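# Curious how this folds, go ahead:
(chains A, B, C and D)
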There are 4 protein chains.
Amino acid sequence: MTEKNDIDKPWGGRFTEKTAASAETFTASIHFDVRLYRHDIAGSRAHAKMLAKQGLLSEAEKEQILQGLAEIETEIKTGRFEFRPELEDIHMNIEKTLVEKIGEAGEKLHTGRSRNDQVALDMRLYLREECARLLELLSELQKGFVGLARQYLYAIMPGYTHLQRAQPVLLSHHLLAYYEMFGRDKERLADCLKRINVMPLGAAALAGTGLPIDREFVARELDFPAISTNSMDAVSDRDFMVEFLAACSLIQVHLSRFSEELVLWASQEFSFVEIADRFCTGSSIMPQKKNPDTRN
Amino acid sequence: MTEKNDIDKPWGGRFTEKTAASAETFTASIHFDVRLYRHDIAGSRAHAKMLAKQGLLSEAEKEQILQGLAEIETEIKTGRFEFRPELEDIHMNIEKTLVEKIGEAGEKLHTGRSRNDQVALDMRLYLREECARLLELLSELQKGFVGLARQYLYAIMPGYTHLQRAQPVLLSHHLLAYYEMFGRDKERLADCLKRINVMPLGAAALAGTGLPIDREFVARELDFPAISTNSMDAVSDRDFMVEFLAACSLIQVHLSRFSEELVLWASQEFSFVEIADRFCTGSSIMPQKKNPDTRN
Amino acid sequence: MTEKNDIDKPWGGRFTEKTAASAETFTASIHFDVRLYRHDIAGSRAHAKMLAKQGLLSEAEKEQILQGLAEIETEIKTGRFEFRPELEDIHMNIEKTLVEKIGEAGEKLHTGRSRNDQVALDMRLYLREECARLLELLSELQKGFVGLARQYLYAIMPGYTHLQRAQPVLLSHHLLAYYEMFGRDKERLADCLKRINVMPLGAAALAGTGLPIDREFVARELDFPAISTNSMDAVSDRDFMVEFLAACSLIQVHLSRFSEELVLWASQEFSFVEIADRFCTGSSIMPQKKNPDTRN
Amino acid sequence: MTEKNDIDKPWGGRFTEKTAASAETFTASIHFDVRLYRHDIAGSRAHAKMLAKQGLLSEAEKEQILQGLAEIETEIKTGRFEFRPELEDIHMNIEKTLVEKIGEAGEKLHTGRSRNDQVALDMRLYLREECARLLELLSELQKGFVGLARQYLYAIMPGYTHLQRAQPVLLSHHLLAYYEMFGRDKERLADCLKRINVMPLGAAALAGTGLPIDREFVARELDFPAISTNSMDAVSDRDFMVEFLAACSLIQVHLSRFSEELVLWASQEFSFVEIADRFCTGSSIMPQKKNPDTRN
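Residues are numbered from 1 along each chain as shown, chains lettered A, B, ... in the order given. Next comes the predicted model:
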């Protein structure tokens, strides 16, 4: 085999050996970053429009790109897209396919950007969506607690400290404590969202680009209220992910606290609740058992 | 020995045995919660004023309490206060001493509150202060980076990815990336502060109190913009501490990143910086060594 | 709807409602415990042989079971097995299919055991195998370091502390430090293996079984040097997993340390090594770049 | 100011500025490594004997050193030793004081060693002692469980899974499950001890020493069954600390599990145990309360 270098790779030029299979496997991320496909395409769409507006792409090239991306999006959505692990990640899978579909115009899409700022953008678009979804779910959950509290408005139960009966309280009061917890969780996500919602494109690899791009335009296209102000920070910042995960951890703590309470209340000794059969599992060896599977 | 119960303890009544020494040692927290003394006294001061305003204390009793607390604060500040581990924590050490100083009025201070909401209040007052201090320190640090960036405004250095030279960048640009990071840290602390800044007093043990207290008054006295709205949540909520610690962790990540960079830049191979002797340590066995002790 | 209970579930008897779809999704583990299929079948095989030896199964029943399990193993291995998420986990998927294949004899396989001890057994068989595999890989890795050390036996390089040049050392000496680290990792895995290598079957749900089973026989069949001695501990013990993960974490620390060293040595400033093209990746925007992808 | 360098520091020679106060504070560890004083002195004692045996110290010098170290040990034990934070750590505090006491012979003690291998040695001596102490405490604890099990040998209680009553079990059986857990904890500590029990002295800063030292002699003096075989690994290895902490974490998990069980059993709803007053605390606002303070 005469082909020694990795001409298929966007960075193949200076290389004189093919990438080792083990290295390809190790660096491939397509099996988990495939979930970013919609965000990657949305980012490319906005980038292409900007390039055209700035005269860096012709209108015809832009249209070809938008058309190609639309096809790819549909193919992925409908399961007809063929992912190639040797192309490492979702970004290169999409870009390579675009080039195969529309040729030279597809190659021009990468003008003025790098995978570094592209990945940063995709992650922000993705987590922005996850935040919105979690905020909605938390509101639903709060409504559930309010509904339950209303239903059992005057039911009296023991209030505990150290799991010792301390003072009588209303069950509704107990339940509304969770309303407060999930309310704070929503605040935390909303605060985190402010720091997610910053448009990094234009940072390129780390030092920006000399081309006359319009970052504010891209931000407006993608509905970002702000753009990053330092390119080296823009490509290396992952704080927003850590903050998002920290917020999620506290949500889990609250969910776990309530689940643990249900397990306790469903014990024969407490017998405060009976959980419906449809939410329980049983035992293969003890046919009388009914397990509250709020935990496993 | 005839004294069998723990009459010295505020909760001694129902007990028929003295607390075991090992249990006292295990539950004592005075060796670390002593740092809360100013906050505990500030909270008691506001609580006493409120009780007097509501007619639950006489003016004379209030004055005695304020006078006694002022004395105790001075004694602790000047190292003349005698802490008693058998009184478990800072709250009981102060209250017991107050009762010894002023008698019955001191005992009335606990009217309408419990250690549960008192601890919650103290922690919030304490972390509020820590936040303010950290915000100031972070601003100082940012100014340091801006000053350095101005000093080396046009100095050119290699920009790296994967520790491989990628593109030339300005040192000032590199330094200002830290300005961004610490700016986000400040935002996170400010967001956390919103959730710290909620006045929990009035929640008592967990179920509030039947006495006609004025929580808004206490909040104003202590400069809290909001009061907690669910008593069971108020005494059990520690989310704000977790959130504070998470914010601190990210600050540490940024400090560690810069420190690591200094270590790298101070190596003979990079030789980008020379760290002043006064910030370095040496080796007991290799007299030529000079170690950048940004880490240990 | 007439079908109200979950007759398909092994624990369906006392239930009057079908499991909710959301509860089924939440409790299903088949998407990750499918990897235990070989271990689950090996355990069932040993259990069946023991039941027959003890007269709890007839020889014919045992043969049917062994035949059925062999078929299922082949089907899973060759991708022809149809997994049903509503059967929750790998254990029930296999057992249910066995019953469908061979009828009543299949139902008797569960005699004297519970999913609780079955899961414990599977996890121990699984981790025992992983330990063996890791021990082999670590030995390979050590050989690699020894080979490299021999190749560069007298090559001199700077030894560092605080990343400052301290004393000259031999590269071979530096490399053999990793031999020591991975040697300790092997010791830790071997120690962990002692605690993994304990046969839990017979503990049943938590209280053992009144049937005349022979646990030593099962242990011999499955090559376990010891059996668990307390049934409540046997079904709840997951220490060996935590210990295994802790040992893996230290392995990762050592691998990360070496990788970081390669990254440093491959920098232009150090230039101690050049990593072969086939183990590097490049940049989409900076064609001169070659990145050592020992980390990402 | 004429005094420009840090002549008091063992590494002061090449430095032209005094260490900044903030750097001294930051790098000082004396406030926590003071607990290593016995181990540091034991190590120095063995090192001095070896140096004398090898002819690197005269017998008279050795005697002076042993005498000086004995005095320092007594002074620290009796609280008469004056610690100096500017000397950073326990090692330098002791060495500097030794030199002040006995002059030149004291300076010779550092022959053939560095703080790097000295710290490694101290930590190993310290953790070896901690392991022994924990092993003893765990044995005591196991005896406690055996004693309780014997006392309640035939007491029957519900066995639970998912906190649902599953099958009747003996309380003694339940208690002996903890015997197993703490037994495994002891095994893990004993295994860890094998890796702690390796004598690192002789590694010096990282590259060993050219002096004719006798490492086996030092190992025998300090009762180490093995010596480290790679000097770079010897000074950088902290695996044994991580492993020790991991073992401690599992011990804590077991203690926490039992404590949680006591809290549950002491609830009015379960009422399986009543904890003696001497191990409980009460409430300042609810005089009827008795709290099981196995947790706080």
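
# Which strand or helix spans the one residue in the stretch 1-150 of chain A that gets nearest to chain B?
Using CB to the nearest CB, the closest approach of the stretch 1-150 of chain A to chain B is made by A:N116 at 7.1 Å. No exception for glycine: its C-beta is placed from N, CA and C like everyone else's. Taking DSSP states H and E as the criterion, A:N116 maps to helix A:115-151.

# Listing partners with orientation, what would you give for the next helix or strand after that helix?
Next in sequence after helix A:115-151, counting helices and strands by DSSP H and E, comes strand A:156-161. Strands adjacent to strand A:156-161 in the sheet, as given by DSSP bridges, are strand A:164-170 (antiparallel).

# mean confidence score for the partner strand?
Strand A:164-170 carries an average pLDDT of 97.

# how many degrees apart are that strand and helix B:115-151 in direction?
Using axes from the mean of the first three to the mean of the last three CA atoms, to 10 degrees, one finds that strand A:164-170 and helix B:115-151 are set 90 degrees apart in direction.

# how distant is strand A:164-170 from the center of its chain?
Strand A:164-170 sits 41 Å away from the centroid of its parent chain (CA atoms, centre = their mean, to the nearest Å).

# Contacts for it next, please.
Residues from elsewhere that reach strand A:164-170 (CB atoms under 8 Å, 6 or more residues apart in numbering or on different chains): A:153-160, B:205-207, B:232, D:266-268, D:283, D:286, D:289-292.

# now with 7 Å?
A:154-160, B:205-207, B:232, D:267-268, D:286, D:289-291 (CB atoms under 7 Å, 6 or more residues apart in numbering or on different chains).

# For chain C, what's the nearest residue on the stretch 51-200 of chain A?
Counting by CB to the nearest CB, the stretch 51-200 of chain A gets nearest to chain C through A:S114 (4.0 Å).

# I'd say that residue and A:A207 touch.
No: look at A:S114 against A:A207 with CB atoms under 7 Å: they stay out of range, at 9.6 Å.

# Looking at these two, which one has more neighbours?
Neighbour tally, A:S114 and A:A207, criterion other CB atoms under 10 Å in any protein chain shown: the higher count belongs to A:S114, 24 against 21.

# So the more buried one versus A:M241, what's the distance?
Note on A:S114: its distance to A:M241, by CB to CB, to the nearest Å, is 19 Å.

# ditto for A:G79
In terms of CB to CB, A:G79 sits 28 Å off from A:M241.

# When those two are compared, which one has more neighbours?
Counted by other CB under 10 Å, A:G79 and A:M241 do not tie: A:M241 has more neighbours, with 15 against 6.

# ok, the more buried one - contacts?
A:M241 makes contact with A:123, A:127, according to CB under 7 Å, 6+ apart.

# After the helix or strand harbouring it, heading C-terminal, what element do we hit next?
A:M241 belongs to helix A:239-265 when assigned by DSSP H and E. Toward the C-terminus, helix A:239-265 is succeeded by strand A:280-281 as the next helix or strand (DSSP H and E).

# just checking, what packs against that following strand?
Here strand A:280-281 touches strand A:291-292, going by 3 or more CB pairs under 7 Å, 6 or more residues apart in numbering or on different chains; DSSP states H and E.

# Try it again at 10 Å.
For strand A:280-281, the packing partners by 3 or more CB pairs under 10 Å, 6 or more residues apart in numbering or on different chains; DSSP states H and E come out as strand A:291-292, helix C:21-27.

# Enumerate the residues of chain A near chain D.
Contact residues (CB under 10 Å from any CB of the partner chain) of chain A with chain D: A:158-167, A:260, A:262-272, A:280-283, A:285-286, A:288-296.

# Which among the residues you listed count as buried?
In terms of neighbour count (16 or more other CB atoms under 10 Å in any protein chain shown), the buried residues within the residues of chain A next to chain D are A:158-167, A:262-267, A:269-270, A:272, A:280-283, A:285-286, A:289-294.

# what about stretch A:220-229, start to end distance?
End-to-end distance of stretch A:220-229 (CA to CA, to the nearest Å): 16 Å.

# Average pLDDT for it, rounded please.
Mean pLDDT, computed over stretch A:220-229, is 98.

# How about the contacts made by A:M50?
Residues near A:M50 by CB atoms under 10 Å, 6 or more residues apart in numbering or on different chains: A:56-57, A:62, A:112-113, A:201-202, A:213-221.

# near chain B too, which of those residues?
By CB under 10 Å from any CB, no member of the contacts of A:M50 lies near chain B.

# Under the pLDDT cut-off, which ranges of the stretch 151-296 of chain A? List them.
Along the stretch 151-296 of chain A, the model assigns pLDDT under 70 to residues A:284-285, A:293-296.

# Need the three-state assignment for A:T16.
Of the three states, A:T16 takes coil according to DSSP: H, G, I helix; E, B strand; the rest coil.

# got it, and the one 3 residues further on?
In the three-state summary, A:T19 is assigned as coil, counting by three-state DSSP.

# give me phi/psi at it?
phi -60, psi 140 (degrees, to the nearest 10).

# follow-up on the earlier one: quick check, nearest of the contacts of A:M50 to chain D?
Nearest to chain D out of the contacts of A:M50 is A:G202 (CB to the nearest CB; 38.8 Å).

# Confirm for me that the closest one is in contact with A:G210.
No: counting by CB atoms under 10 Å, A:G202 does not reach A:G210; the two are 11.4 Å apart.

# ok so, going back, against B:E180, how distant is the residue of the stretch 51-200 of chain A closest to chain C?
The gap separating A:S114 from B:E180 is 19 Å, by CB to CB.

# Show me what from the stretch 51-200 of chain A comes close to chain C.
Residues of the stretch 51-200 of chain A lying near chain C (CB under 10 Å from any CB): A:88, A:91-92, A:95, A:110-118.

# nearest spatial neighbour of A:D40, skipping sequence neighbours?
Leaving aside its sequence neighbours, A:D40 sits nearest to A:D122 (CB to CB, 6 or more residues apart in numbering or on different chains; 5.1 Å).

# Run a quick neighbour tally on A:A226.
Around A:A226 there are 12 residues (other CB under 10 Å).

# Repeat that for A:A132.
A:A132 has 12 nearby residues by other CB under 10 Å.

# pLDDT value on it, please?
If you check A:A132, the pLDDT there is 98.

# List the residues that contact it.
Residues in contact with A:A132 (CB under 10 Å, 6+ apart) are A:189, A:193.

# What pLDDT does the model give A:K49?
Predicted confidence (pLDDT) for A:K49: 98.

# Equivalent analysis for A:T2, please.
37.

# now do A:T19
83.

# how about the nearest residue to A:H254, chain neighbours excluded?
Once flanking residues are discounted, A:H254 sits nearest to A:M181: 4.4 Å by CB to CB, 6+ apart.

# The one you found: what's it in contact with?
A:138, A:141-142, A:145, A:250-251, A:253-255, A:257-258, B:230, B:233, B:236-237, B:239.

# Can you give me the neighbour number for A:R80?
10.

# cool, A:Q118 as well?
26.

# I'd say it and A:A204 touch.
Yes: under the criterion of CB under 10 Å, A:Q118 makes contact with A:A204 at 9.4 Å.

# Can you pull the residues that touch both of those two?
Joint contacts of A:Q118 and A:A204 (CB under 10 Å, 6+ apart) are A:V235.

# What would stretch A:71-85 look like as PDB? C-alpha coordinates only.
Output in PDB follows, covering the C-alpha atoms of stretch A:71-85 (Å, rounded to 0.1, in the frame of the first residue of the first chain):
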ATOM      1  CA  GLU A  71     -29.900  16.800   4.300                       C
ATOM      2  CA  ILE A  72     -27.400  15.600   6.800                       C
ATOM      3  CA  GLU A  73     -29.700  16.600   9.700                       C
ATOM      4  CA  THR A  74     -32.500  14.700   8.200                       C
ATOM      5  CA  GLU A  75     -30.300  11.700   7.600                       C
ATOM      6  CA  ILE A  76     -29.100  11.600  11.200                       C
ATOM      7  CA  LYS A  77     -32.600  12.200  12.600                       C
ATOM      8  CA  THR A  78     -34.000   9.300  10.600                       C
ATOM      9  CA  GLY A  79     -31.100   6.900  11.200                       C
ATOM     10  CA  ARG A  80     -29.800   6.900   7.700                       C
ATOM     11  CA  PHE A  81     -26.500   8.700   8.300                       C
ATOM     12  CA  GLU A  82     -23.400   6.500   8.300                       C
ATOM     13  CA  PHE A  83     -21.000   7.400  11.100                       C
ATOM     14  CA  ARG A  84     -17.300   6.800  10.500                       C
ATOM     15  CA  PRO A  85     -15.400   6.300  13.700                       C
END
